[in-house]
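**Q** structure for this input, please:
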Amino acid sequence: MSSLLPGLDISLQVMTEFLSPEEESKLKILHRASSNRKQGDKIKAILLLDQGYEYGEIAKILLIEQSTVWR
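**A** The predicted structure follows:
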């Protein structure tokens, strides 16, 4: 079990294809309609996780902390 957060015994395995096509579509629509940057980053993180990106990669792409992606 790998942990990206020291001191925590939590597996941060990559999750893929957990969204249905309908859920993905709704998130994309919500993202386009959102004017809140934080909400937009959350939606993008979920979509990127669904595509198989790792937490560290998403953090780099969105310019946020890896722990933020994990939460």
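
**Q** which secondary structure elements does whichever strand or helix holds Ile58 contact?
**A** With secondary structure defined by DSSP states H and E, Ile58 is part of helix 55-62. Secondary-structure packing of helix 55-62 (3 or more CB pairs under 8 Å, 6 or more residues apart in numbering; DSSP states H and E): helix 37-50, helix 66-70. (C-beta placed from N, C-alpha, C; glycine too.)

**Q** buried residues in it?
**A** The neighbour-count check on helix 55-62 (16 or more other CB atoms under 10 Å) flags 55, 58-59, 62 as buried.

**Q** not counting sequence-adjacent ones, nearest residue to Phe18?
**A** Nearest non-adjacent residue to Phe18, counting by CB to CB, 6 or more residues apart in numbering: Asp50, 5.9 Å away.

**Q** contact partners for the one you found?
**A** The contact partners of Asp50, taken as CB atoms under 8 Å, 6 or more residues apart in numbering, are 15-19, 24.

**Q** re the thing from before, now the angle between helix 37-50 and the helix holding Ile58, please.
**A** 140 degrees (axes from the mean of the first three to the mean of the last three CA atoms, to 10 degrees).

**Q** check the offset of helix 55-62 from the chain's centre.
**A** Averaging C-alpha positions (CA atoms, centre = their mean, to the nearest Å) puts helix 55-62 8 Å from its chain's average.

**Q** what does that helix rub up against?
**A** 4, 12, 41, 44-45, 48-49, 53, 65-66, 68-70.

**Q** out of these, which is nearest to Ile29?
**A** Distance to Ile29, by CB to CB, is smallest for Lys44 among the contacts of helix 55-62, at 13.5 Å.

**Q** give me the neighbour count for that closest one.
**A** 18 (other CB atoms under 10 Å).
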